[in-house]
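**Student:** pasting the structure only:
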């Protein structure tokens, strides 16, 4: 399954992400980087499913396609593609964290777990 070039990945800013986290207790924060990258640091509360595993694993981890999901990677590329794949699979509340973990860290005032 390839991401179509016309897919709208619904980017959200760090500020929007912070607001969504405060308002939604059922939010799933999905890290699509490699296990090694995840070990080196990740957003608190995030779930790891590497982008190369998403099609095989997502239905087991998130069977409800209406779940609110924020996807991130290191700088936004893999997560953007993953959002498109999830939308093609029928997930409807999926958003890409613009600039990924790098943007999250650069924005300041954010804790990254190691």
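**Tutor:** Great, that's in hand. These figures come from a predicted structure and were not determined experimentally.

**Student:** For the rest of this, base every contact and every neighbour count on C-alpha atoms.
**Tutor:** Noted.

**Student:** Centre-most residue in this protein?
**Tutor:** residue 71 (0.8 Å; CA atoms, centre = their mean).

**Student:** tell me the SS of it?
**Tutor:** State at residue 71, reduced to three classes by DSSP: H, G, I helix; E, B strand; the rest coil: strand.

**Student:** Can you give me the distance of it to residue 18?
**Tutor:** In this view, residue 71 and residue 18 are 14 Å apart by CA to CA, to the nearest Å.

**Student:** what sits against the residue nearest to the centre of the chain?
**Tutor:** 29-32, 79-80, 82-83, 94-97 (CA atoms under 8 Å, 6 or more residues apart in numbering).

**Student:** Among these, which ones are in helices?
**Tutor:** If you go by DSSP state H, the contacts of residue 71 have 79-80, 82-83 in helices.

**Student:** got a markdown table for those residues, with distance to residue 55 and neighbour count too?
**Tutor:** Formatted as a markdown table, the ones in helices among the contacts of residue 71 follow (distance: CA to CA, whole Å; neighbours: other CA atoms under 10 Å):
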| residue | distance to residue 55 | neighbour count |
| --- | --- | --- |
| 79 | 13 | 29 |
| 80 | 15 | 25 |
| 82 | 9 | 28 |
| 83 | 11 | 28 |
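
**Student:** And the contacts of stretch 90-110?
**Tutor:** Contact with stretch 90-110 is made by 9-14, 17, 42-43, 65-76, 79-80, 83, 86-87, 111-112, as judged by CA under 8 Å, 6+ apart.
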